[in-house]
Structures are given as C-alpha cells and as structure tokens.
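[1] Need coordinates for the following:
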Amino acid sequence: MDSRKSGNGGRMTSAQVLLYAALASSILLDGCSTVSRETAFRTQEIELSRGRQEASIACETAVACDEAWARTRTFIQTHSATRIVQADDSAIQTAFPHAFGFVYLAASRSADEAGKIVIRLRTMCRGMYDSDGGAGLLYSTCARSIVSVETEFHAWVKESR
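    Residues are numbered from 1 along each chain as shown. Model prediction:
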C-alpha cells in the first residue's frame, strides 16, 4: 500500500492486518483441504479396487457358472437404478442413468488366462468422476454405494453357492 495514500506513515492498520491474516489463513486451509480430499480420494480408490476384485466369481463347472450367471442377472435387476438393456450369455448391461449419483451395473462372463470362466460385476455411478478422471462432486457418495453393492454381491454369491 502506498504510504502517501494511507496517511499512516506506511504502517498497516489493524483492519488491514486482519484482512491479510484472513487471506493467508484461507489459502492455508484451502491447501490443507485439497490435500485432505486427495488423501480421501486415494483411500477410496484403493477400497474400490478391492471391491472390484471381490465382485467376481470363478466358476468350477459349466452348470455352476450357468446358475451363477442367472443369479447375477437377478442381482443386477434388483440393485441397479436402471433397467437391463442387454442380456446374453456373455454380458449383462443396464441403461445409463439420467440423474447423477445413481448406481448402475454391468456383468461379463468370459474365460481367464487359465481357461476358467469368470463372472465379473462392474458397478458404476454417474457423477463419480469429473472429465479429467478426478473425483467428481458425488465421488464419496458414489464410492460408498459402489462398495456396498459390490460387497453385497460377494456375500450374496457365497450364500447362494
């Protein structure tokens, strides 16, 4: 600030000191908030990765796989916010939701590297990620919903076997 204009010999007034302190605190808090959000994002991404791994079924026999595939379709029908738009022997897909924050599901049935048939559930939520792949506005809500559905699928498959 120009001391000629302030009329106080170049010294800051108490109001100016408070304003600068508030601005500095705001900048520091925003930095801490960003670090906290990034840490939460990484933690939830790890939890989501674990959930995705658990939301798969390796079939022992063709009959067991057909039964698990039928149960998977029923699970998707009851747990997706949208209706099934594709269902055949290798894929089940629900529609993309119009609203943000809703879980929608897909499943695939294919052979892994060892030739074993594996059913994989894929859980998605509109609004979870922004256009750059970072956490979207509904990231935490979506992440909790996805983990819940994937965990339920895993437990449901164990109970149904």
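[2] centroid residue for this protein?
    Residue closest to the average C-alpha location in the chain (Cα atoms, centre = their mean): Ala143, at 3.5 Å.
[3] three-state assignment of the closest residue to it other than its chain neighbours?
    Using Cβ to Cβ, 6 or more residues apart in numbering and skipping residues adjacent in sequence, the residue nearest Ala143 is Gln44, 4.4 Å away. Heads up, the C-betas are built off the backbone N, CA and C, glycines and all. Put simply, Gln44 is helix when judged by DSSP: H, G, I helix; E, B strand; the rest coil.
[4] Gln44 reaches Thr141, doesn't it?
    No. Gln44 is beyond contact range of Thr141, at 10.8 Å (criterion: Cβ atoms under 8 Å).
[5] ok, those two, which is more surrounded?
    Shown here are Gln44 and Thr141; by other Cβ atoms under 10 Å, Gln44 has more neighbours (19 against 15).
[6] List the contacts of the more buried one.
    139-140, 143 (Cβ atoms under 8 Å, 6 or more residues apart in numbering).
[7] Over to Cys59?
    Cys59 neighbours (Cβ under 8 Å, 6+ apart): 65, 68, 116-119.
[8] ok, now with 10 Å
    By Cβ atoms under 10 Å, 6 or more residues apart in numbering, the contact list for Cys59 reads 65-69, 109, 111, 116-119.
[9] can you check Ile76 too?
    Each residue near Ile76 by Cβ under 10 Å, 6+ apart is listed here: 82-84, 87, 92-94, 104-107, 121, 123, 149, 153.
[10] quick one: the helices in the protein?
    Per DSSP state H, the chain carries helices over the ranges 3-6, 14-54, 62-79, 139-160.
[11] ranking those helices by mean pLDDT, which is last?
    Lowest mean pLDDT within those: helix 3-6, a mean of 46.
[12] Distance to Phe100 for the contacts of Gln44 - can I get that in a markdown table?
    Compiled in a markdown table, the contacts of Gln44 are given as follows (distance: Cβ to Cβ, whole Å):
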| residue | distance to Phe100 |
| --- | --- |
| Tyr139 | 11 |
| Ser140 | 13 |
| Ala143 | 14 |
